[in-house]
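K.L.:
One predicted model, sequence on top.
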Amino acid sequence: MDNSDTTENNEQLNNSEQEESQEELSHSDKMIGVFTEPGKTFDNVSKFPPRTKDWVLPLVILLALVAITQIILMQNSEIAFQAKQKQAAKVQEQLDEAVKNGQITQQQADQQMDAIIEQMDQSTSPVRLVIQTVSIFVVGFIIFLIIAAIHLMLSKLALKGEGTYASALVANGLAAYIGMIHVIIAAVLSLAFSRLLNDVNIATLIQAEKLSVVGFILGKLDVFSIWAFIVIGIGLSKMFKASSSTKYIVMVFCVWIIIDVIFYLLATVVPFLQFFIA
């Protein structure tokens with residue numbers, strides 16, 4: 001037998017034994033690895049069956065953190081007042097437009113405005129807080145599952161990757177730990193500036209109008225979102241057995257931009273959606 005063949009067989013055997021002997025990282029190690037060595041972390045994760053805990057746990061913690069910080073911020077009288085004023089101003093603008101177009105009378109507009117203001121005054125009641133918290137979890141899970149499904153479809157059909165829906169869920173889920181840092185910093189800055197900040201992109205920090213083209217572009221300049229999407233791209237590339245992460249990172253960013261553009265265009269014709277952008 002050729003010595004080169006023997007050497008090659010021995011190397012393959014050694015590599016196979018190393019893979020078999022490699023231990024799966026604990027969830028805490030995966031959490032740390034997302035920040036320190038995402039490539040190596042997801043490479044390890046991809047060698048074992050996807051764990052439900054690896055996407056459910058970080059997602060639940062992230063959504064709980066969002067709900068808790070919202071409750072804390074709304075206890076700040078100045079932040080709560082500004083948030084209500086901003087929302088009331090947008091509602092009034094929409095009602096004025098409806099009156100101008102003859103859709104409703106001025107009296108009906110005034111009645112609707114009074115009812116909305118009354119609802120706003122009750123926004124910190126226990127019942128409203130429970131409804132808000134449940135809504136955050138329900139909407140958060142739905143959006144997460146849809147985004148993961150889009151990543152799965154593109155990873156399989158466009159990039160010819162080898163993975164499952166669970167693989168996409170894990171890649172997105174572990175990256176949620178970066179989102180937690182995002183939420184905490186946004187809450188801290190909200191308290192420091194005494195105004196509600198749902199994110200820390202440039203548009204939010206300089207109070208640019210997000211429904212404008214410039215505001216939309218500046219809204220994409222968010223270091224935490226960019227960081228998280230890069231990690232998701234790396235995670236997907238490992239979970240779907242790709243040799244390079246570049247295409248997956250580009251794919252994740254394209255999905256982000258396209259979805260936001262669609263939402264932005266819809267918000268220009270559906271007033272209700274403006275609350276989620278501005």
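P.N.:
All right, it came through fine. On a predicted model such as this, the values are computed, not experimentally measured, just so you know.
K.L.:
for the helix or strand hosting residue 150, packing partners?
P.N.:
Under DSSP states H and E, the secondary-structure element containing residue 150 is helix 126-153. On a contact count with 3 or more Cβ pairs under 8 Å, 6 or more residues apart in numbering; DSSP states H and E, helix 126-153 meets helix 53-74, helix 165-174, helix 246-267. Yep, even glycine has a C-beta here, placed from its N, CA and C like the rest.
K.L.:
residues contacting the nearest residue to residue 58 once chain neighbours are set aside?
P.N.:
The shortest distance from residue 58 to any residue that is not its chain neighbour, by Cβ to Cβ, 6 or more residues apart in numbering, is 4.0 Å, and that residue is residue 176. Counting by Cβ atoms under 8 Å, 6 or more residues apart in numbering, residue 176 touches 55, 58-59, 61-62.
K.L.:
Dump those to CSV, plus distance to residue 201.
P.N.:
Below are the contacts of residue 176 laid out as CSV (distance: Cβ to Cβ, whole Å):
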residue, distance to residue 201
55, 25
58, 22
59, 22
61, 22
62, 18
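K.L.:
State the distance from the residue nearest to residue 58 to residue 223.
P.N.:
Spatial separation of residue 176 from residue 223 under the definition Cβ to Cβ, to the nearest Å is 17 Å.
K.L.:
just to revisit the earlier point, show the average pLDDT along the helix holding residue 150.
P.N.:
Confidence for helix 126-153, expressed as mean pLDDT, is 93.
K.L.:
Could you check the angle it makes with helix 53-74?
P.N.:
Taking axes from the mean of the first three to the mean of the last three Cα atoms, to 10 degrees, helix 126-153 and helix 53-74 form an angle of 140 degrees between their directions.
K.L.:
Quick check: residue 235 touching residue 172?
P.N.:
Yes - counting by Cβ atoms under 8 Å, residue 235 does reach residue 172; the two are 7.5 Å apart.
K.L.:
if we can go back for a sec, quick one, which of the contacts of residue 176 are buried?
P.N.:
Burial by neighbour count, judged by 16 or more other Cβ atoms under 10 Å, picks out 55, 58-59, 62 from the contacts of residue 176.
K.L.:
and which of the residues you listed is nearest residue 241?
P.N.:
The shortest separation between residue 241 and any of the buried ones among the contacts of residue 176 is 18.6 Å, and it belongs to residue 55 (by Cβ to Cβ).
K.L.:
residue contacts, the closest one?
P.N.:
Contacts here follow Cβ under 8 Å, 6+ apart; on that basis residue 55 touches 166, 169-170, 172-174, 176.
K.L.:
With distance to residue 111 and pLDDT as extra columns, can I get these in CSV?
P.N.:
As requested, the contacts of residue 55 are arranged in CSV below (distance: Cβ to Cβ, whole Å; pLDDT from 0 to 100):
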residue, distance to residue 111, pLDDT
166, 51, 98
169, 46, 98
170, 50, 98
172, 44, 98
173, 45, 98
174, 49, 98
176, 43, 97
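K.L.:
In these, which residue is surrounded by the most others?
P.N.:
Each of the contacts of residue 55 was scored by neighbours using other Cβ atoms under 10 Å; the highest score is residue 170's, at 30 neighbours.
K.L.:
My read is that that one contacts residue 239, right?
P.N.:
Yes - judged on Cβ under 8 Å, residue 170 makes contact with residue 239 at a distance of 6.3 Å.
K.L.:
how far away is the closest residue to residue 70 other than its chain neighbours from residue 87?
P.N.:
Closest residue to residue 70 apart from its sequence neighbours, by Cβ to Cβ, 6+ apart: residue 132 at 6.8 Å. Going from residue 132 to residue 87 by Cβ to Cβ gives 14 Å.
K.L.:
next one: residue 159
P.N.:
As it turns out, when the distance is counted by Cβ to Cβ, residue 159 lies 41 Å from residue 87.
K.L.:
low pLDDT regions in the stretch 151-278 of the chain?
P.N.:
Applying pLDDT under 70 to the predicted model, the residue ranges of the stretch 151-278 of the chain that meet it are 269-278.
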